[in-house]
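just need the structure, nothing else, for what follows:
(one chain, ligands or ions: 1)
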Amino acid sequence: MLFLLQPLPPISSFSTSRRRVEPSFAAHDNARCRGKFHVASARSEDDYHATLKALKSRGLTPRKSLGQHYMLNSSINEQLASAADVKEGDVVLEIGPGTGSLTNILINAGATVLAIEKDPHMALHVRERFSSIDQLTVLQEDFTRCHIRSHMISLLQNAKSSGRNSKYAKVVSNIPFNISTDVVKQLLPMGDIFSEVVLLLQEETALRLVDASLRSSEYRPINIFVNFYSDPEYKFKVLRSNFFPQPNVDAAVVTFKLKEAAEYPPVASTKSFFSMVNSAFNGKRKMLRRSLQHICTSLEVERALESVGLPVTSRPEELTLDDFVRLHNLIVKG
Ligand SMILES: C[S@@+](CC[C@H](N)C(=O)[O-])C[C@H]1O[C@@H](n2cnc3c(N)ncnc32)[C@H](O)[C@@H]1O
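Okay, here's the model as predicted:
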């Protein structure tokens, strides 16, 4: 399905100055952001021209089904790379390189990049754009279906055998909003491969993943999952005007610092732990002594809750990650 193109400002309406946009952020009066988050909003004329030129030269129209909202502001791409501290010798996974504007910055920082692009036209474009660069591999695949672990293991082994000492890779990506949850679920448990995952997400998703608080309706199993496997941080807001075509929502950059297995909360089985968490939230309005009855009796759940210092009437949205871990270890037998 094709987008209706948004009306764009004429190229001539952008400043003709070649001044580089510095990675400083204007204050934004969105109450959510005040005092806590930064906002990135400036534009770089070069990326606007480059993006349109790249698409026009191939007769391409952005595809909504692939979440094709291209970044027009190279300073935001630079800030994405610096949020992951990308440097010479790093191995970086980029999901959805599109026209290659972020890819370019990652390569210039000295990283070896694996770019996975679903759209065959954009994969071809990025391959041709960087045809003389041997630090880049472009795979035309759907990220949600590819064997990312085996791709990364062989990339890290190659980096090692060519003398680069990258124990872990990093992820830096402006991903299509519709695969955010899949990407997070796939990547966060990979702390043996990746040290950091830096994603440009829909702002609402970013806040939901990082900022959902206890007792709020946004608090879900995904929050337990994110904090089990990583230390997430909301970095800054990115206004929708930085993308072409402009989406209906703003975006935000989130960093997930991945934990290694030894740092995960101590549970005998992650499978039974997340199964218990999901069951608890399935009966969201129910007390845990009812929703966990398939695991043990109500009385046993009540006793376990009491022994971790919680009321016997607790509901899932009242439990922290640590509370869930202690409850699991009391009621789920080895
Ligand atoms: C939001 S655009 C970002 C493009 C580019 N990184 C940028 O910043 O301008 C998302 C990109 O991901 C690609 N894409 C969409 N679904 C994908 C998937 N399942 N696997 C890999 N790439 C995908 C799209 O074709 C598009 O190029």
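
the residue in the stretch 201-334 of the chain positioned nearest to the ligand: what's it in contact with?
Taking C-beta to the nearest ligand atom as the measure, the point where the stretch 201-334 of the chain comes nearest the ligand is Phe243, at 7.3 Å. In short, each C-beta sits where N, CA and C put it, glycine included. Counting by C-beta atoms under 8 Å, 6 or more residues apart in numbering, Phe243 makes contact with 69-72, 251.

what parts of the stretch 101-250 of the chain come near the ligand?
Contacts of the stretch 101-250 of the chain with the ligand, taken as C-beta under 6 Å from any ligand atom, map to 101-102, 116-119, 122, 142-144, 174, 176, 179.

what count of nearby residues applies to the closest residue to the ligand within the chain?
Nearest to the ligand in the chain, going by C-beta to the nearest ligand atom, is Gly96, at a distance of 2.1 Å. The local packing count at Gly96 equals 21, with neighbours defined by other C-beta atoms under 10 Å.

same question, Met287
The tally of other residues near Met287 (other C-beta under 10 Å) stands at 20.

show me the helices in this protein, by range?
Taking DSSP state H, the helices of the chain run over residues 45-57, 74-83, 101-108, 120-129, 148-161, 180-187, 203-211, 221-229, 270-282, 288-291, 298-307, 321-331.

would you format those as a markdown table with mean pLDDT included?
Output for the helices of the chain, formatted as a markdown table (pLDDT from 0 to 100):
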| stretch | mean pLDDT |
| --- | --- |
| helix 45-57 | 78 |
| helix 74-83 | 96 |
| helix 101-108 | 96 |
| helix 120-129 | 96 |
| helix 148-161 | 92 |
| helix 180-187 | 98 |
| helix 203-211 | 94 |
| helix 221-229 | 97 |
| helix 270-282 | 95 |
| helix 288-291 | 94 |
| helix 298-307 | 95 |
| helix 321-331 | 96 |
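
any chance of these in JSON lines, plus mean neighbour count?
Formatted as JSON lines, the entries for those read as follows, by neighbours: other C-beta atoms under 10 Å:
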{"stretch": "helix 45-57", "mean neighbour count": "17"}
{"stretch": "helix 74-83", "mean neighbour count": "22"}
{"stretch": "helix 101-108", "mean neighbour count": "22"}
{"stretch": "helix 120-129", "mean neighbour count": "18"}
{"stretch": "helix 148-161", "mean neighbour count": "15"}
{"stretch": "helix 180-187", "mean neighbour count": "18"}
{"stretch": "helix 203-211", "mean neighbour count": "20"}
{"stretch": "helix 221-229", "mean neighbour count": "21"}
{"stretch": "helix 270-282", "mean neighbour count": "18"}
{"stretch": "helix 288-291", "mean neighbour count": "20"}
{"stretch": "helix 298-307", "mean neighbour count": "17"}
{"stretch": "helix 321-331", "mean neighbour count": "19"}
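
and of the ones you listed, who's closest to Thr255?
Set against Thr255 and scored by C-beta to C-beta, these come closest in helix 74-83, at 5.2 Å.
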